[in-house]
Structures are given as C-alpha cells and as structure tokens.
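**Student:** with the sequence up front, the predicted model follows.
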2 protein chains.
Amino acid sequence: MSSAAAVLERTELPAEPEKRIRDRAATERAILDAAKGLLAEEGFQNFGINAVARRAGCDKQLIYRYYGGLDGLVETIGADLGSWVKERIPEDSGGMFLLTYGDLMERLALLYLDALRSDPLMRRIVAWEVSENTEQVRRLSEARSKALSQWLERMRGSLPAPKGIDTPAVNAVLIAAIQHLVLAAAIGGQCAGISLKTQKDWDKAATALKRIVRGVYG
Amino acid sequence: MSSAAAVLERTELPAEPEKRIRDRAATERAILDAAKGLLAEEGFQNFGINAVARRAGCDKQLIYRYYGGLDGLVETIGADLGSWVKERIPEDSGGMFLLTYGDLMERLALLYLDALRSDPLMRRIVAWEVSENTEQVRRLSEARSKALSQWLERMRGSLPAPKGIDTPAVNAVLIAAIQHLVLAAAIGGQCAGISLKTQKDWDKAATALKRIVRGVYG
DNA sequence: GCTGCTACTCACCGGTCGGTGACAGGCTGG
DNA sequence: CCAGCCTGTCACCGACCGGTGAGTAGCAGC
C-alpha cells in the first residue's frame, strides 16, 4: 500500500464537500439538506442517523446535539413543508376565471398531480404515511395535510360549494386517487394496468381525472 | 438456575407451537404461514429472514433450504394471491342484474373496497408496492395486479364498454383512489381531511365513490 | 447393528444499526 | 495568558441483520 494509492483514492472521491470548520449554522443546514435529499432519493427505508450523517459529511453525534436525534430532524423537515406549499402555490388562477366549483376542482386536481409528480420528497413522505404508523410519521403526516389543506383553502377562495354533494368525501377520493397514481408511477411506472411513464401516458390519466371531476361536479 | 424456573418459563411461553418432528410439509407450511402473518401484522418494514424463522419456530436455515431465501418465500406468497381472488370472488352478481357498465363498475368498486379493507396482508402488499422498487416487490406486485385484472375480467363478463371514454384510465384512477383510501385509513384512520374509522365514515366514502362512478359512467 | 439419507439446529461470520461518553482543537471573555 | 465553552471527532457499546458451514437427531434399508 503506497501513499500514492491513498492520494489517488482521495482525489477520486467526489467533490470533498468543502470541510465546514466550526460553523454551526452551515452544519445544521448541511444535515437538514442531507436528510431531505436522502429521504427524497432513497425513501424512508434507508433513512437513518448513520446514513444522514454520512451524507452530510459530519458525525452523527452532531445530529443528536443539534436536532435531538432523528425525530427532531424529521420534525424540522415537517416544519419546512409549509414553505413547500408557498413555493408551489400559483398566485394567479392560471389566466382563467374559476366560475364553478368544477372549474376549481379540476384545476386543483391537475395542479396537485403535477406538484406531486415533480417533488420526490413529498412523494416519499406520502408513501411513508401509508406504510408506517409511528409518532414521527404521524407528525410529518399532520404537517403535510395541514399544508395541503391550506393550499386548497387558498385556492378555493369564496367559491360556494355545490349543494347535495358531500364535497369533503368526494374530494378526499380525488386526492387519494392522485396520490396513489403518482406513488405507483414513481415506483413501477404503472398503476392498475395502465402505463404511467411518458408524458402522453400522463395526459391520458389527466384526461380521465378531468372527466371524473366533471362527472361529479359538472 | 433451577430446572423449575426453566419449566416455568417454558409453560409461560404462549402455546409452544407443537414441535413438528421431521415433517417437512408441516414445516414448510409453518414457514409460509409465519411469513404471511408477519407481513400482515407488522408490515414489510420488519419483514426478514430472522423474524420469519423466529415466528415459525424453526431455524432460518430451513427457509433458505425450502424456499431459497426470502425472495423465494415472497414469490410463494405471490403465487398464493391467485387463491385470494378465488376466495373473494362472489360468483353471483349479488342478486342484481348488472345492466350497464356503470352498474358493473359501481359494484366492482364497492367489492374491491371491502375486500381490501378486510385483508391486512393485501394492504401491506399494496403499501409495499408503492414504497420499494426491488425485484421481489415487482414480482409480488405483478402477481397481485394479475389476480386483480382476472377478477375484473371475470366480473365484467360480456358487458360492452362505453364508447368515447378511456375506460382503462378512468378505472385506474378509481382503483388508485380505493387503494389509497384503504391504506391511509388502515394507518392513520383518515385520508385527505376526512375521518375513516367508523362504518358510518366508510358509508360516506362509499357514497362518494358511487357518485363518482355514476358521474363518469352514468 | 451399521450405513446413509433427510430434517433440523447451532455457532459464528462480517456488517450495520441507533446511541453514548470521552476527548481534541479553536474561539472568546476575562 | 488562561479558563471555559463550543464545535467537531473518535472509539466503542449492545443488538440485530442476512448468510454459511459444521454438526446433530431421527428414520429407512440392509
């Protein structure tokens, strides 16, 4: 074992992440970013103290010190979900007037579909929610659903709900459908027999979704 | 350490599962049952060779020998899913005539909802499918979707599909909705803001589902 | 009784997990 | 200058993981 080999190995390592030296804020950020990235890329299966510390390039002890362990870290991620919503709320109505409840829900469904499709972290969190029933997941779930409902509320504005329809139940079914479609697609590229890989596939799914929304809400 | 203590401990153990002695078939069955039970009760998180062997009351070596490891065992579980369908297919039409495609899909949606609700193993498998993308899960997923599609096909009979509607896409959305509702309910007792605990909650969800089906298919 | 096969158990491997305590080095207030 | 704090490192713990090789109990045929 020559020192040359060691040097080679070192230089081969990808982008030695610029040693933070005694900069707590930067370290905390690195840990949080590592946690979010890891969760988004690997899922909750391999999400653990050791993995996060490895990815953040610091000692796991710091995670205990700064966040009080994995639970605190997850809670911090949950607290960030509020900002997720804010980033993704389109403030305008996309240039169209939402005259009816059907208009609103169609737009909302399609927006939510795209938002979830383009956000691996959120997808992993949703998958986590339906797979494990621990305290940390419950808290995360609560944060997510709160963020979502705020989003819905904001989109809804002052539009009156249609009479004679249990809108919360119907909307829950729609949301459930969207979430499951996106989860299944992200994992296996298909759901219940239809392929969900290309944009064309997604267009068909979106059309079906629109048809369903219009079917109930007109 | 007196032998009395050992005896006490032994008698305290729950239902010492009647030592199978050199009965390979029984051992194989015990392993398979343990695997299914463990998966249904604990989920895929803690599903491993050691846990299955512990529950089956035998050495994990036997799992390697008889099933070729966890993968083979999972595959065997998948093969059993066909029988799951057969057990749950109501051969009659529930005493009603299914005149339209809407009739069929409504009945099918409600049946699938109840079937999933009452089968923890199937729920865990669905949750697994949207959480992990390994070969074993893919195979399991394939077996499940095949069993499901056969079920649908059998229910459908010779009813013509409505024109002008992308029925596969619409049905996929419906199936997705059902699966996600049941998964979310089984974990947290709610989904997208509505509670899913009591039978009354489920009635409301079922009504919403019916309304949606009738909205698209008439 | 001996041989040989099958069913089965045990002990151990390397590795990773979450978690903790001790310690080194730099910065800061005095 | 030094004491004390803060940041970060390191070594280590017990538990569990999947996986393997060696060894043991029970039964058949001869």
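**Tutor:** Here it is on my side, so go on. Numbers count the residues shown, from 1 in each chain, chains lettered A, B, ... in the order given.
**Student:** what strand or helix carries the residue of chain A at minimum distance from chain B?
**Tutor:** In chain A, the residue that lies nearest chain B is A:Gly215 (2.7 Å; CB to the nearest CB). To be clear about C-beta, it is placed using only N, CA and C from the backbone, and glycine gets the same treatment. Assessed by DSSP states H and E, A:Gly215 sits inside helix A:199-217.
**Student:** list the contacts for A:Tyr66?
**Tutor:** A:Arg24, A:Thr27, A:Glu28, A:Ile31 (CB atoms under 8 Å, 6 or more residues apart in numbering or on different chains).
**Student:** what's the helix or strand harbouring the third one packed up against?
**Tutor:** Secondary structure assigned from DSSP H and E places A:Glu28 in helix A:24-42. Helix A:24-42 sits against helix A:49-56, helix A:60-67, helix A:70-88, helix A:120-129, with contacts defined as 3 or more CB pairs under 8 Å, 6 or more residues apart in numbering or on different chains; DSSP states H and E.
**Student:** is DNA strand D contacted by it?
**Tutor:** Yes: against DNA strand D, helix A:24-42 shows contacts by CB under 7 Å from any atom of the strand at A:Arg24, A:Ala26, A:Thr27.
**Student:** and that helix, anywhere near DNA strand C?
**Tutor:** No: Helix A:24-42 does not reach DNA strand C (CB under 7 Å from any atom of the strand); its nearest approach is 10.2 Å.
**Student:** quick one: that helix to helix A:70-88, angle?
**Tutor:** Counting by axes from the mean of the first three to the mean of the last three CA atoms, to 10 degrees, helix A:24-42 lies at 80 degrees to helix A:70-88.
**Student:** domain assignment for chain A?
**Tutor:** Following automatic domain parsing, one gets these domains for chain A: A:3-68, A:78-217.
**Student:** and the last one, what's its mean pLDDT?
**Tutor:** The reference is to domain A:78-217. Averaging pLDDT along domain A:78-217 yields 90.
**Student:** same check on the first one?
**Tutor:** Across domain A:3-68, pLDDT averages out at 79.
**Student:** how far away from the center of its chain is it?
**Tutor:** 21 Å (CA atoms, centre = their mean, to the nearest Å).
**Student:** can you check stretch A:185-196 too?
**Tutor:** Between the centre of stretch A:185-196 and the centre of its chain there are 18 Å (CA atoms, centre = their mean).
**Student:** equivalent analysis for stretch A:155-163, please.
**Tutor:** Counting by CA atoms, centre = their mean, stretch A:155-163 comes out at 26 Å from the chain centroid.
**Student:** what residues of it count as buried?
**Tutor:** Residues A:Met155 are the ones in stretch A:155-163 that count as buried (16 or more other CB atoms under 10 Å in any protein chain shown).
**Student:** swap in stretch A:185-200?
**Tutor:** By neighbour count on 16+ other CB under 10 Å, the buried set for stretch A:185-200 is A:Ala185, A:Ala186, A:Ile187, A:Gly188, A:Gln190, A:Cys191, A:Ala192, A:Ile194, A:Ser195, A:Leu196.
**Student:** does any part of stretch A:45-56 sit near DNA strand D?
**Tutor:** No: contact of stretch A:45-56 with DNA strand D (CB under 7 Å from any atom of the strand) is absent, the minimum separation being 8.6 Å.
**Student:** so which of the domains of chain A is the most packed in?
**Tutor:** domain A:78-217 (a mean of 18; mean count of other CB atoms under 10 Å in any protein chain shown).
**Student:** how about it and DNA strand C, touching?
**Tutor:** No: using CB under 7 Å from any atom of the strand, we find that domain A:78-217 stays clear of DNA strand C, coming within 10.8 Å at best.
**Student:** now the end-to-end length of that domain.
**Tutor:** End-to-end distance for domain A:78-217: 33 Å, by CA to CA, to the nearest Å.
**Student:** circling back to that earlier point, would you list the helices and strands packed on helix A:24-42 in a markdown table and tack on distance to B:Gln136?
**Tutor:** Output for the helices and strands packed on helix A:24-42, formatted as a markdown table (distance: least, CB to CB, whole Å):
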| stretch | distance to B:Gln136 |
| --- | --- |
| helix A:49-56 | 22 |
| helix A:60-67 | 30 |
| helix A:70-88 | 27 |
| helix A:120-129 | 17 |
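**Student:** nearest to B:Leu110, out of the ones you listed?
**Tutor:** B:Leu110 sits nearest to helix A:120-129 of all those, at 24.8 Å, using CB to CB.
**Student:** ok so, going back, with respect to DNA strand C, which of the contacts of A:Tyr66 is nearest?
**Tutor:** Proximity of the contacts of A:Tyr66 to DNA strand C (CB to the nearest atom of the strand) peaks at A:Arg24, which lies at 11.1 Å.
**Student:** sorry, back to before: please flag which of the buried residues of stretch A:185-200 sit within helices.
**Tutor:** Those of the buried residues of stretch A:185-200 mapping onto helices are A:Ala185, A:Ala186, A:Ile187, A:Gly188, per DSSP state H.
**Student:** wait, isn't the third one in contact with B:Glu129?
**Tutor:** To tie it back to what came earlier, the one meant is A:Ile187. Yes: A:Ile187 is within contact range of B:Glu129, at 6.7 Å (criterion: CB atoms under 8 Å).
**Student:** who touches stretch A:124-139?
**Tutor:** Identification of contacts with stretch A:124-139 by CB under 8 Å, 6+ apart yields A:39-40, A:43-44, A:70-71, A:74-75, A:78, A:81, A:116, A:140-141, A:144, A:179, A:182-183, B:43-45, B:127-128, B:130-131, B:180, B:183-184, B:187-188.
**Student:** and the end-to-end length of that stretch?
**Tutor:** Terminal residues of stretch A:124-139 are spaced 15 Å apart (CA to CA).
**Student:** could you do stretch A:33-51 as well?
**Tutor:** Start-to-end, stretch A:33-51 (CA to CA) is 13 Å.
**Student:** how about the contacts made by the residue most central in space within chain A?
**Tutor:** When CA atoms, centre = their mean is applied to chain A, the residue found nearest the centroid is A:Met122 (0.8 Å). Residues counted as contacts of A:Met122 (CB under 8 Å, 6+ apart) are A:Leu81, A:Trp84, A:Ala115, A:Leu116, A:Arg144.
**Student:** A:Gly72 too?
**Tutor:** Going by CB under 8 Å, 6+ apart, A:Gly72 touches no other residue.
**Student:** I'd like to know how far it sits from A:Glu132.
**Tutor:** In this view, A:Gly72 and A:Glu132 are 18 Å apart by CB to CB, to the nearest Å.
**Student:** cool, A:Gly193 as well?
**Tutor:** As judged by CB to CB, A:Gly193 and A:Glu132 stand 27 Å apart.
**Student:** done for today, thanks.
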